[in-house]
Each structure stands twice: as structure tokens, then as C-alpha cells.
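Participant: Generate a structure from the sequence data that follows.
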Amino acid sequence: MRHLYNILFVSVFLIFLACSPTKEAAKNSVSNVPTKDKMRNSSLFIDAIKEKNQGNFEKAIKLFEEAIQLDPNDAASLYELAGLYMNNNRNEEAEKLAIKAVNLKPENDWYKVMLSNAYKLNAKIAESNAVLEKLVAKNPNNLEYIQELIFGYVMAEEYEKTIQTIELIEKKTGLSEQIAMQKQQLYLKLNKVDEAIGEIEKLVNLYPYETRYYAILAELCLNHDKDEKALMAYQKIAELEPDNAYIHISLFDYYRKKDDRKKAVEELKLGLMNKNLDVESKLQFMMSFYENTEFYSTYKDETKELLQIMMEVHPEHLQTKAIYADLIMRNEQHEEAAVIVEELLKMDSSQYAYWELSLMIEWAKEDFQTLITKANIVSDQFPMQFMPYYLIGIAEYRLENYEESLTALIRGQKLAIGNTNMLINFYSQIGETQRQLNNFQEAYDAYDNVLKLDESNSVVLNNYAYYLSIDNKDLDKALEMANKAVELDPYNASNLDTKAWVLFKQEKYVEAKEWIEKAIKLDESDNAELLEHYGDILYKLNEIDEAVKMWERAKATGEGSDELDEKIKARKIND
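Facilitator: Prediction:
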């Protein structure tokens with residue numbers, strides 16, 4: 001609620017306090033006290049005012065307090081002292097003094113302003129508003145009083161009264177943007193959408209050539225399911241400003257939300273063709289949905305054409321070409337993408353992003369040797385970038401050069417400190433590589449590092465659990481991780497298979513059978529590993545014939561372990 005106060009109104013009470021009505025107050029202050037005390041009281045009052053004006057507030061407070069001791073009904077001193085108390089956060093004392101001053105001089109508006117302010121500081125908003133209502137009734141042309149009452153009603157969340165009071169100002173000053181916007185916000189607070197729209201329509205009618213008001217109206221209508229009005233407002237902007245840089249983007253968003261794909265794309269094309277819209281804004285807009293997977297998949301076919309339009313309108317903008325290359329690479333147009341990236345590098349070889357894109361194209365082509373060669377060049381030119389080392393590590397791993405893979409991964413991992421996602425990738429791959437090198441404990445250490453960063457990483461939980469089961473090590477820990485992997489990703493057949501295999505290793509064959517059957521049911525095609533595991537579990541349950549059938553099915557896939565033929569021939573597992 002405070003946010004609304006700050007937007008709508010600024011309190012003018014400090015202005016009132018600064019313009020202290022000392023002379024008038026002194027003139028109106030009459031006390032039935034001895035003449036000697038009265039003269040002393042007047043002298044103290046004058047001295048107190050001097051000290052206050054010189055910024056000596058503590059001295060002023062003491063002098064006003066002495067003056068009030070001599071004359072408790074000195075309304076002017078009560079008023080002045082109340083103001084000083086408020087400046088010192090002595091708000092409750094200030095309220096008592098202000099009440100007394102108003103009771104002594106109920107016709108004095110300055111005292112009422114002070115009392116209203118004291119009430120407000122003590123969170124007595126209703127009492128403050130009651131005083132302000134009397135001030136406004138007495139002074140209907142005083143805009144400061146009306147504005148303070150508006151502020152008070154907002155604080156009390158009395159929005160109907162706020163609107164009524166704003167209309168007092170509107171009658172005197174006429175319609176303005178500030179008034180219309182204030183009332184619109186208040187009507188929305190009251191859930192009176194039509195009335196809120198009506199306030200903006202007043203601005204549109206008053207200023208029919210001001211497109212900014214049509215834009216406000218369109219957004220307001222669009223946000224409250226008044227689509228036809230929103231469209232009319234957008235179309236009016238296009239009519240008044242055919243070269244408006246943003247109207248076609250707004251219309252694209254409108255038609256997209258209406259699921260009118262054809263018109264949405266038409267408007268977006270017009271927006272991208274508009275040379276009045278700077279290329280950076282266009283690019284930012286394109287990136288906002290290009291990186292949105294759901295949106296990109298919906299407009300995938302059109303995205304290529306849209307980027308081509310941008311390249312035609314802004315041929316000098318290299319980043320657009322880079323995004324286009326990335327797009328067609330995703331669409332597996334690797335050679336075309338490579339040509340564009342090579343052109344980019346000839347024009348500006350200082351941009352690391354272009355080099356990385358070139359590496360990603362080689363990765364997509366699965367040309368691992370070329371990838372390694374290029375990545376080494378890039379790592380020399382940009383030694384603090386971790387991605388080239390990661391790609392080298394992956395490529396060397398795929399080529400079964402595990403020592404070289406590990407060296408690159410460890411170097412890259414040191415550069416990725418602070419980047420959690422990449423550290424997870426590095427440690428995961430280091431774990432896989434260490435295992436290929438039979439460095440089992442180092443592999444486990446790498447997986448532990450992943451789980452320290454992401455305890456819910458289902459892939460690593462699954463792999464870690466499976467490797468422990470293969471090594472017959474920490475089977476309780478393996479089962480715990482396998483259970484968590486299944487919980488996180490229950491429709492992943494690999495996760496279910498791992499859980500079955502850990503149970504198998506724990507000699508819990510009945511439970512293992514239950515989970516391997518679930519895994520096989522989930523798997524859409526014959527998986528040699530799952531089928532062989534199923535056969536092993538059946539064998540342990542003494543279902544020999546069924547076990548052999550599963551082993552034979554596994555063999556028929558052309559894969560399976562080195563022991564598979566021996567199992568089929570011997571009709572048993574050699575433990």
C-alpha cells in the first residue's frame with residue numbers, strides 16, 4: 001500500500017509546518033494569567049521563536065515549555081511545541097498538545113493541520129481524516145487540504161472516498177493525465193475495470209492525437225480481457241503513426257495471445273522491417289523468445305525468415321548473423337552455419353562468442369578431431385575461457401583418449417569456479433573419465449562434488465549408484481541414491497534398472513524383479529542391458545528357462561556383456 005501512496009500523492013504537511021503562523025497564533029492566544037506572568041510568557045515565546053529560527057531546537061523546546069508552565073492555555077506555544085516534539089519523534093506528546101491547541105482555538109486552521117499530522121504520525125488515520133474533512137468543508141478551494149485528505153483516504157484504503165475527493169480537484173482544475181491515472185489505479189483497486197478504462201478513454205477523447213494514451217488504453221484492456229478495445233487502440237496508433245517503432249511488436253504480442261499465428265507473424269515482420277526501431281531493441285526482442293523453448297518450438301519455421309529480415313535491414317550487425325548461424329545449426333544445417341561463422345571470424349576475430357559457436361558446430365557435426373584442433377587454437381587465444389577445455393575433454397573422451405580428456409577437463413574445471421552449472425558438467429565428465437581410467441575413488445570423489453553442488457542431480461545419482469553396485473561397494477548408499485533418482489525421475493527406465501540392480505546386488509531378488517519389470521515396461525525398445533539384468537534376476541529366483549529367454553533377447557539386439565554368450569550356453573551365471 002505504501003507504494004501506491006508514493007505514486008499518487010506527496011504530503012504537504014511539511015509545507016504547512018514551515019510556514020508557521022506564529023504571529024497570527026500569538027495574536028489569537030489569550031490567557032487569564034497575571035500580567036507579570038503574561039509578559040514573561042510573551043518574552044519566552046519570542047525568544048523561543050528566535051532559537052527555533054536559528055536551528056537551536058533544544059533551547060526552543062525548553063523556552064516553549066517554560067512559557068506553557070506560566071500559561072497552560074497559551075495555544076500558540078502549544079502549537080509550536082507540538083511541531084518541535086514531532087521533529088524529535090515525541091509524537092504522542094505532540095498529539096496531546098495539538099488537541100489542546102485546537103480545543104482552545106477551534107477556528108484556527110493551522111492548529112487543525114498540526115493535529116491531523118500528529119494523528120497520522122501516531123497511525124490514527126481515521127482521526128486525521130476526520131480533522132481534514134472539516135478543513136476541506138470549511139475551505140473548499142484549498143487544494144492543499146484536499147490533497148492531504150486524498151492521501152489520508154488512500155492510507156485508510158477508502159478508495160471510493162478517495163475518488164470522490166479527487167473529483168473535487170478535477171472540477172476545479174479540469175481533467176489531467178495525473179488525475180485520470182490516479183483514478184484509474186483506484187478503480188482497479190476496487191475491481192471496477194470498466195470505470196478504470198473509462199478514465200483512460202477520457203484522456204484519449206481529450207487528446208485524440210496522443211498515441212501514448214492509446215498505448216496505455218490498449219495495455220489496460222489487454223490485461224483485463226477487453227481484447228476488441230485493445231485491438232482498436234493498437235490500430236489507432238498504427239493509423240496515427242504508421243512509422244511507430246513499437247506498434248507492430250505490440251500487435252504481434254496481441255495476436256500471439258489470441259493464437260492468431262498468421263497475423264502475429266505478419267506484424268512481427270513489419271516490426272523487424274521498420275528502420276525506426278533500432279537493431280538492438282529488435283535483437284533483444286528476438287532473443288526473448290528465441291531462448292524460450294516453448295515459444296521457439298511454436299515459431300520455429302518462421303524464426304529463420306525473421307532473422308533473415310533483420311540481416312537484410314541491418315547487414316552491418318554481426319550479432320544477428322551469429323544468432324542466425326546458431327539457429328540453422330540447431331536445425332542441423334551445419335555446413336551453412338559453418339560458412340557464416342567463418343565470415344564472422346574474418347570480419348571480427350576478437351569476439352570469443354563467434355569462436356565458441358564455431359566449436360559448437362564441429363560438436364554438432366561430431367567431427368571430434370577437428371573440434372579438438374580448433375578448441376586448442378581457441379584456448380590459446382582465450383586462455384581464461386573454460387568451454388574450449390570442456391569440449392576438448394568431451395571430444396577426447398569420445399575418441400577414447402581418456403588421459404588427454406582428463407587433462408583438459410581438470411584445466412577447464414579450475415577456470416569454471418563460480419559457474420555452478422558448468423562445474424556440475426565438469427565434475428560429471430571427470431567422474432566418467434576417471435572411471436574409464438579405473439581410478440574408482442577419484443571417480444567417486446568427482447560425483448560427490450557434483451552432489452555437493454546439486455543434491456538432486458538425478459543423472460549423477462543414478463550413475464553413481466550403478467557404479468557402486470558394479471563395484472559391490474557401499475550398497476546401502478547406492479540404494480539410497482537409486483531411490484532418490486527414481487523419486488526425482490520416476491519415468492526413466494535407466495533409473496528403475498539401477499534400483500533393480502542395486503537390489504540384486506543386495507540379494508533382494510523379489511524386489512529386484514519388481515523394479516526391472518517396471519523398467520522394461522517403460523523402455524520402448526529392447527534394451528540389451530535391461531534384458532540381461534532381467535535374466536540374471538530370474539536366474540537367481542530359479543526361473544532358469546525364463547532367464548535364458550531374456551539373455552537370448554538381449555543377444556538378439558547385437559549388444560550385451562561379454563559374458564552373455566557363456567550365460568546362454570551354460571544356462572547359468574558364473575558368480
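
Participant: any idea where the helices of the stretch 301-450 of the chain begin and end?
Facilitator: Counting by DSSP state H, counting those that start in this stretch, one finds helices in the stretch 301-450 of the chain at the ranges 318-330, 334-347, 352-365, 368-381, 387-398, 402-415, 420-436, 440-453.

Participant: Deepest-packed of these, please.
Facilitator: helix 387-398 (a mean of 24; mean count of other CB atoms under 10 Å). Placement of C-beta: from N, CA and C, glycine included.

Participant: Check which element follows the longest helix anywhere in the chain along the chain.
Facilitator: Identified as the longest helix of the chain according to DSSP state H is helix 35-53. Going down the chain from helix 35-53, the next helix or strand is helix 57-70, by DSSP states H and E.

Participant: Enumerate the positions of the following helix or strand past that next one that are buried.
Facilitator: Later in the chain than helix 57-70, the nearest helix or strand by DSSP H and E is helix 75-87. Using 16 or more other CB atoms under 10 Å as the test for burial, helix 75-87 gives 75-86.

Participant: any chance of the helices of the stretch 301-450 of the chain in JSON lines, plus distance to Asn142?
Facilitator: Below are those laid out as JSON lines (distance: least, CB to CB, whole Å):
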{"stretch": "helix 318-330", "distance to Asn142": "58"}
{"stretch": "helix 334-347", "distance to Asn142": "67"}
{"stretch": "helix 352-365", "distance to Asn142": "62"}
{"stretch": "helix 368-381", "distance to Asn142": "72"}
{"stretch": "helix 387-398", "distance to Asn142": "68"}
{"stretch": "helix 402-415", "distance to Asn142": "68"}
{"stretch": "helix 420-436", "distance to Asn142": "60"}
{"stretch": "helix 440-453", "distance to Asn142": "64"}
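
Participant: To Ile61, which of these lies closest?
Facilitator: With CB to CB as the measure, helix 420-436 is the member of these nearest Ile61 (58.1 Å).

Participant: So which elements touch the closest one?
Facilitator: In terms of contacts (3 or more CB pairs under 8 Å, 6 or more residues apart in numbering; DSSP states H and E), helix 420-436 is packed against helix 387-398, helix 402-415, helix 440-453, helix 458-470.

Participant: Which secondary structure elements does the shortest one sit against?
Facilitator: In this structure, helix 387-398 makes packing contacts with helix 352-365, helix 368-381, helix 402-415, helix 420-436, judged by 3+ CB pairs under 8 Å, 6+ apart.

Participant: tell me the angle of that helix relative to helix 352-365?
Facilitator: Compare the direction of helix 387-398 with that of helix 352-365 by axes from the mean of the first three to the mean of the last three CA atoms, to 10 degrees and you get 10 degrees.

Participant: now do the second one
Facilitator: Computed with the same axes, to 10 degrees, the direction of helix 402-415 lies at 150 degrees from that of helix 352-365.

Participant: cool, the last one as well?
Facilitator: Following the same axes, to 10 degrees, one obtains 50 degrees for the angle between helix 458-470 and helix 352-365.

Participant: quick one: average confidence on helix 458-470?
Facilitator: For helix 458-470, mean pLDDT is 96.
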